[in-house]
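S.K.: One predicted model, sequence on top.
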Amino acid sequence: MSITEASKFQLRTAMGQILSEEAADTLMELLPPVGWADVATKTDIQHLRDEMQHLRDELKGDMHALQLRFEATLEKRLHEQTKWLITTMIAMNTVMLAASVALSKLI
């Protein structure tokens, strides 16, 4: 049986006659704004918790995979940069040595 606005109004009117108007208003405020079938149960909340935990675990796995890819890319780029720097420094030192030898022969 679904609760309609008409049945709520009828209940409010009957309770107002039995109790005081204030008590009837308080009672009506305690009723859920929707039917009881729409109210979450402990089981519903537990299912939601389980689903959220599953999503949390999935997100943590995705973040861990992303971190591993980032670290691998960073390591690769640093290795490439180090090789480039060493090659450049060797070339610069060779040029400086050649220039020093050429200058020393001129003097």
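M.R.: The structure has been received and is ready for your questions.
S.K.: C-alpha from now on. contacts and neighbour counts both.
M.R.: Fine.
S.K.: Now name the helix or strand holding residue 79.
M.R.: helix 42-106 (DSSP states H and E).
S.K.: so which helix or strand takes in residue 40?
M.R.: Using DSSP H and E, no helix or strand contains residue 40.
S.K.: Give me the phi and psi angles of it.
M.R.: Main-chain torsions, residue 40, degrees, to the nearest 10: phi -70, psi 140.
S.K.: Residue ranges in the protein under the pLDDT threshold?
M.R.: Low-confidence segments of the chain (pLDDT under 70): 1-2, 34-36.
S.K.: Pick out the residue closest to the middle of it.
M.R.: residue 59 (7.5 Å; Cα atoms, centre = their mean).
S.K.: how about the nearest residue to residue 15, chain neighbours excluded?
M.R.: Nearest non-adjacent residue to residue 15, counting by Cα to Cα, 6 or more residues apart in numbering: residue 24, 5.3 Å away.
S.K.: Run through the residues that contact the one you found.
M.R.: Residues in contact with residue 24 (Cα atoms under 8 Å, 6 or more residues apart in numbering) are 12, 15, 16.
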